Structure formats: C-alpha cells, structure tokens
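Q: any chance you could fold what I've pasted below:
(2 chains)
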Amino acid sequence: MKLDIQAYIESGVIESYILGLATEQEVAELEQLRKQYPEINQALAAFEASLEAQAMANAKQPPAHIKQRLFKTLHEEFDDVAITATQPQAATTSGKVVSLFWNKYAAAAAVLLIVASAGLNIYFFNKVEKLQSQYLALVNERNSLEAGLNIYKTKALDIYNSMQLMSDPNMLKVSMPGIKGKENNLATVFWDKQSKEVYLLPNRLPQAPENKQYQLWALVNGKPVDAGLLSADCNGLCKLKNVPDAQAFAITLENKGGSPAPHLDQLYVFGKISG
Amino acid sequence: MQEEKKYSEPELVMLLKQRQEAAFSYLYDNYSGALYSIIQNIVTDSELANDVLQEVFVKIWKQIALYDAVKGRLFTWMLNIARNASIDMIRSKGFQNSQQNRELQESVYEQAGTTSIAVEQIGLRKVVHQLKPEQKQLVELAYFEGYTQDEISKMLDIPLGTVKTRLRTALIQLRQMLKHH
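A: Below is the predicted model of the structure:
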C-alpha cells in the first residue's frame, strides 16, 4: 500500500496543521508521516515561510509603551537570572585576610558537593540501568515481532507461489471429493500437463495418526501407481511425484513410509480427470 | 529604533532558552508588529489587543523551553500562541460584555463571520478577505473566531464533511495567494 504523497500534500492538511486547525488525529498522522517523507517537511517549511513573510510585511507596530510595560512585568525574572549569573564573581573578590576562614567553608562545601555528586551518580546509575533493561526489553520485543513478521512473509510468499501455480494455463485441476461415508473430505490435485509435475492441496483431510501417512495414487489404465506421500509439515500446496499419465487420482491412508499397493479399505478421496 | 545585532533563528532560540534579556528584547522588536497584526485581526478592541500582546510575550518568555525547532519555525509557534491567546480573549466574559456595549453604540458588526472593514485591511485577514465569500466565511469562523468544524457545521447547517472539504480548499487557495504575495 503506497500513500500518494503528492495528493496528501495538496489536500490542505499542511495548511491546517501550520494554522492550528488540524484535528488531533490529523496532527498525529502528519507528525508520523513527516518522518518518512521529506516532501512533507518541504511543503511545511514552504508554507511557514510564506506565512511568516506575509505577516512580517504586514506588521503593525504596537504602541511603544507596551514594550516598557512588558519589560517591567518581566523585570524580576531578568533580575533573578542576572543575580545567579554574577554570584560566583562576588565570591572570588573577597579579601585575603579572611581567605583561611573562607577556605574552611570552601572545603566543607566541596565535601558536600562530592557527597551530593556521589548521590546523584548512584541515582543516575540506577536510572541508566533501568533504562537499559527497558531498552533491552524493547529490542527483544522488536526482534520477536520481526520474527513473527517473517513467518507471515514466508506464508504470504507460499500463497503467492501457489496462486501462480494454480493459475498456470497448463495446470489441470482434479478435484477429489470424499468417498461414500467420508463425504466431508476433500483434496485437490494440480497436474501440470507439460512438465507432468503433481501438486496436492489437502483441503479437508483428517489429521493423520502418528504412525500413518496419506499416499496419493495415480490410476493408469485401471492400475494404481504410487504418486508420493503427503508429508506432515505440508501446509497448502505440496509437490509430490511426477505422473506421466493418469485417468484418475486417489488418496489412501497407509503406514508411515507408504505402501507398494493401496489398501482400498483405507480409501479417503477419489477424483476422475474430466474430459 | 537603534541598530541591533541580527541573530539567526537557531541563535536567537538558543539565547532565549538561556534566558538572555537582550535576545528577548530583539525578539520583541523583530516580531511584535507581525504578532500585533494577527492579534488585532481577532481582538478588535485596541486596548484589549495591547493586553493580549503583552500576555503573548510573557507566555513566549515563560514557555520558550517548550519550543521544538523540529516541529516548525519560531514564528509559527509564536503565531499559534498569539492566535490562541486572542481567541481566549474574545471568548472571555469581559470581552463579550464590552462587545455588547459597542454593538449598542455603533453596530460595527454585521453578522457572524464578518467583521468591520478596518480589521479586514490588515495582516493575514487582508489576504483571507480576497477569498470567495463561502470560503472566506469558513476561514473567518475557524481561524479568526476559533470555532471547531463541528460547531461551524451546526451553526451554518452544512454537513461536517462539506465544512471540512470547503475549509481545506480555502486553505489551499490561501496558500497560493500567500505564495504570490
């Protein structure tokens, strides 16, 4: 699924976002998308720039007394900053006579600082450790998600390949419904008339018991010919033995490893080739 | 005005975050006019507009740590602060009362979505004024009066989807007009 990014940019969402008119959902979506598409950032920047240019060109100077009032209001804050910034200087200018006295205090202060800093170190160390374990947990979660995703990728690829096979014009589809008493069962053979390859799709077959295996038979002029065993790990379309010629296909349940001849009392499904 | 040092935007932001008074003074000199225009676009009473301007710069000074350059330009951030503060002002009780008095005196306002001529000749509203009437009305209500699309839909009795598409179209139009400004 590919987003038409140009259409998205031209949808008015850029302007809505900049002007503060976008809904929460639109904002979240855009902030996600802009990380992936530099085109979005360019469009945002361009609109911001033209909005700013227009506003600057149409500026209307406010009365001068507002600035004075504003700075008076904020003056205390500025002062606070100024005082904290100049304090260290004041300390260094104290006289020599009292320097010993000040040294004691400086030493005490230094010890306090060391203690405080050690405390902070422990605090930050713990914090870092906690973050590290959280980070590892996330990495693990990501890895397991990726593994899960790979499984789906493989499955999707299998399905895609199966579809390619099924839709091949040379492919003959032989439906094998369940025999009398086993009407619920169904399997399908896909037989390539050119390459003679045979693929089996076990649509509905009961789980084979531990020591048993399903075996496919091709009926050639009334005689059953072994066409391969269905392995337990077959999900979807599975390739069996090539069959050069056949009039019908059947599946029986045989002992593990298969039998040279079918046990007809263990017949599950049967399908004739039409035409 | 005296000659001032010119800062680049990142420089200015950095100095503001370090709470430098000189940088803040520069910011005010540079941007107060543009922000004053947008405030006056929304708050038509000039005394109240002055109050909002001061409030906006106090907010900028106090909240500069929250500004994130990754999200957008400094001006866009300040513009949104100015718009929000202005809309809060016109929604406040004091303003509504003063407005009622004014309407009795001189009936400057015609109806929802339109404002006095003077306001339409400054700032962004001047550009919006050039939009088609139906588009202009939507931008006026949404941007300058702060109504949500849902409220506009009910107010004008137009489906919400139509409000959304019309507003979007209007904004695209607005962008084109700003580009060729």
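
Q: dump stretch B:46-55 to PDB, keeping only the CA atoms.
A: Extracted C-alpha coordinates of stretch B:46-55, given in PDB (Å, rounded to 0.1, in the frame of the first residue of the first chain):
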ATOM      1  CA  SER B  46      -7.200  48.100  20.700                       C
ATOM      2  CA  GLU B  47      -6.800  48.400  24.500                       C
ATOM      3  CA  LEU B  48      -7.600  44.700  24.800                       C
ATOM      4  CA  ALA B  49      -5.300  43.900  21.900                       C
ATOM      5  CA  ASN B  50      -2.500  45.600  23.700                       C
ATOM      6  CA  ASP B  51      -3.200  43.500  26.800                       C
ATOM      7  CA  VAL B  52      -3.100  40.300  24.700                       C
ATOM      8  CA  LEU B  53       0.200  41.400  23.000                       C
ATOM      9  CA  GLN B  54       1.800  41.700  26.400                       C
ATOM     10  CA  GLU B  55       0.300  38.400  27.600                       C
END
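
Q: let me know whether residue A:18 touches residue B:75 as I believe.
A: No: Residue A:18 is beyond contact range of residue B:75, at 10.4 Å (criterion: Cβ atoms under 8 Å). Yep, even glycine has a C-beta here, placed from its N, CA and C like the rest.

Q: name the residues contacting each of those two.
A: Overlap of the contact sets of residue A:18 and residue B:75 (by Cβ atoms under 8 Å, 6 or more residues apart in numbering or on different chains) consists of A:48, A:51.

Q: quick check: can you list the domain ranges of chain B?
A: Using automatic domain parsing, the domain parsing of chain B gives B:1-108, B:116-181.

Q: make a markdown table from these and add mean pLDDT, distance to residue A:51 and mean neighbour count to it.
A: Below are these laid out as a markdown table (pLDDT from 0 to 100; distance: least, Cβ to Cβ, whole Å; neighbours: other Cβ atoms under 10 Å in any protein chain shown):
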| stretch | mean pLDDT | distance to residue A:51 | mean neighbour count |
| --- | --- | --- | --- |
| domain B:1-108 | 86 | 7 | 17 |
| domain B:116-181 | 88 | 6 | 17 |
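
Q: nearest to residue A:43, of those?
A: Evaluated over the domains of chain B, closeness to residue A:43 peaks at domain B:116-181, with 9.3 Å, by Cβ to Cβ.

Q: and the closest one with chain A, contact?
A: Yes: contact of domain B:116-181 with chain A (Cβ under 8 Å from any Cβ of the partner chain) involves B:122-124, B:126-127, B:142-143, B:149, B:167-169, B:171-172, B:174-175, B:178-179, B:181.

Q: which pLDDT does the model give the nearest residue to residue B:75 once chain neighbours are set aside?
A: Of all residues not flanking residue B:75 in the chain, residue A:52 sits nearest, at 4.4 Å (Cβ to Cβ, 6 or more residues apart in numbering or on different chains). Note on residue A:52: pLDDT of 94.

Q: host element of residue A:52?
A: helix A:38-57 (DSSP states H and E).

Q: which is the next helix or strand following the biggest helix by length in chain B?
A: In chain B, with assignment by DSSP state H, the single longest helix is helix B:21-42. Using DSSP H and E, the helix or strand that directly follows helix B:21-42 along the chain is helix B:46-63.

Q: which elements pack onto that following helix?
A: Counting contacts by 3 or more Cβ pairs under 8 Å, 6 or more residues apart in numbering or on different chains; DSSP states H and E, helix B:46-63 packs against helix A:64-92, helix B:21-42, helix B:74-91.

Q: give me the distance between residue A:69 and residue B:53.
A: 10 Å (Cβ to Cβ, to the nearest Å).

Q: now do the contacts for residue A:162.
A: By Cβ under 8 Å, 6+ apart, the neighbours of residue A:162 are A:201, A:236-237.

Q: swap in residue B:128?
A: Applying Cβ under 8 Å, 6+ apart, the residues contacting residue B:128 are B:136, B:139-140, B:143-144, B:174.
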